[in-house]
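Novice: here you go, sequence then predicted model.
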Amino acid sequence: MSVLVLIEPDDELALQAVTLARSLGGPVQGISIGPADAPVDVLHVAQVDGSYAPGAWAAAVVQLVERLAPSAVVAPGSDRGNEVLAHVAARLDLPLAANVTEMRGDEVTRQRWGGSLLEEARLGEGLKLLTAAPHAFEAAAGRAGATESFAPALAEADTAVRVVESVGASTGGISLAEAKVVVSGGRGVGSAEGFAVLEELAGLLGGAVGCSRVVTSAGWRPHADQVGQTGTKVSPELYVACGISGATQHIAGCKGAKKLLAINGDPEATIFAHADYAVIGDLHEILPAISAELRKARAA
């Protein structure tokens, strides 16, 4: 039996979901809403007009499930992937295992509480519905073997909830989710103006600026900059956490980083337990010093 995976165009998490789908055995077929490409045996392109509508996307998935009878449906562990598969689970009256890190027959390991807890669970017989935990799998490479189009039958209720406008964040051309370096600030930065030293360092490193939830709550930075369980989940080569305490919700967003450098004036800060490198001190003195050394090295 085949495995069906939900594909979003230009989505790294969707390619990670393909890797989970491949691990389940059997041919891997994909479903995308509109044009896309992914390393699956067959990509089914659903012709759904308009912007993102979770009900319409779920209807397309359910109709393809009824036609293909796959053993499992896998989606990326993104906001949209989790939302669409939740709709699918409700329509099919089936359980959904979200944020899966491993699947062994009917047994599944998945992340709970923002990744601070791993749960071992067992899914019953029948169709398995899974989302892949972000950055728990390598992104699959390649292109679709074949492409087929189909037009799902949609009811008016399927498009009652839909995206009517998207406002892009101003990131200087560097996406927070794709940046190789993220310089992130928390309460310890002190103010919106205090982020100037973070922006300077991020600019020198070709990276992006992120922040913790408390910063967005204070209105210092937009929500688009938030890293964490309710923000963006990142996996840069280097994550620089400045004045961030290390709450579980924030660690859930940056745990995919290859290296974590923590800068904090509190030697007891929880963030140090997760850090590869630690600097105890005033970030407003340390960051300008790092930036000055970088400029000096480049001028030499």
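Specialist: Okay, I see it.

Novice: every contact and neighbour count from this point should use C-alpha atoms.
Specialist: Fine.

Novice: strands of the stretch 201-300 of the chain, residue ranges please.
Specialist: Under the criterion DSSP state E, counting those that start in this stretch, the stretch 201-300 of the chain contains strands at 208-211, 238-242, 259-264, 277-280.

Novice: so of those, which one's packed in deepest?
Specialist: Comparing these by mean neighbour count (mean count of other Cα atoms under 10 Å), strand 208-211 ranks first with a mean of 30.

Novice: that one - contacts with which helices or strands?
Specialist: Judged by 3 or more Cα pairs under 8 Å, 6 or more residues apart in numbering; DSSP states H and E, strand 208-211 is in contact with strand 181-185, helix 196-205.

Novice: got the angle for the first one vs strand 259-264?
Specialist: Translated: strand 181-185. Angular relation of strand 181-185 and strand 259-264 on a 0 to 180 degree scale: 20 degrees, by axes from the mean of the first three to the mean of the last three Cα atoms, to 10 degrees.

Novice: and if you look at the last one?
Specialist: With the same axes, to 10 degrees applied, the angle from helix 196-205 to strand 259-264 works out at 160 degrees.

Novice: now helix 196-205: mean pLDDT?
Specialist: Averaging pLDDT along helix 196-205 yields 96.

Novice: who's in contact with that helix?
Specialist: With contacts defined as Cα atoms under 8 Å, 6 or more residues apart in numbering, helix 196-205 is touched by 181-185, 208-209, 284, 287-288, 290-291, 294.

Novice: pull the CA atoms of the longest helix along the chain into PDB?
Specialist: In the chain, with assignment by DSSP state H, the single longest helix is helix 283-299. Extracted in PDB, the C-alpha atoms of helix 283-299 (Å, rounded to 0.1, in the frame of the first residue of the first chain):
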ATOM      1  CA  LEU A 283      24.900  41.700  26.000                       C
ATOM      2  CA  HIS A 284      25.000  45.500  25.200                       C
ATOM      3  CA  GLU A 285      28.800  45.300  25.800                       C
ATOM      4  CA  ILE A 286      29.400  41.800  24.400                       C
ATOM      5  CA  LEU A 287      27.600  42.100  21.100                       C
ATOM      6  CA  PRO A 288      29.300  45.400  20.000                       C
ATOM      7  CA  ALA A 289      32.600  43.800  20.900                       C
ATOM      8  CA  ILE A 290      31.900  40.800  18.700                       C
ATOM      9  CA  SER A 291      30.800  43.100  15.800                       C
ATOM     10  CA  ALA A 292      34.000  45.200  16.200                       C
ATOM     11  CA  GLU A 293      36.100  42.000  16.000                       C
ATOM     12  CA  LEU A 294      34.300  40.800  12.900                       C
ATOM     13  CA  ARG A 295      34.900  44.100  11.200                       C
ATOM     14  CA  LYS A 296      38.500  44.100  12.200                       C
ATOM     15  CA  ALA A 297      39.000  40.600  10.900                       C
ATOM     16  CA  ARG A 298      37.400  41.400   7.600                       C
ATOM     17  CA  ALA A 299      39.500  44.500   7.200                       C
END
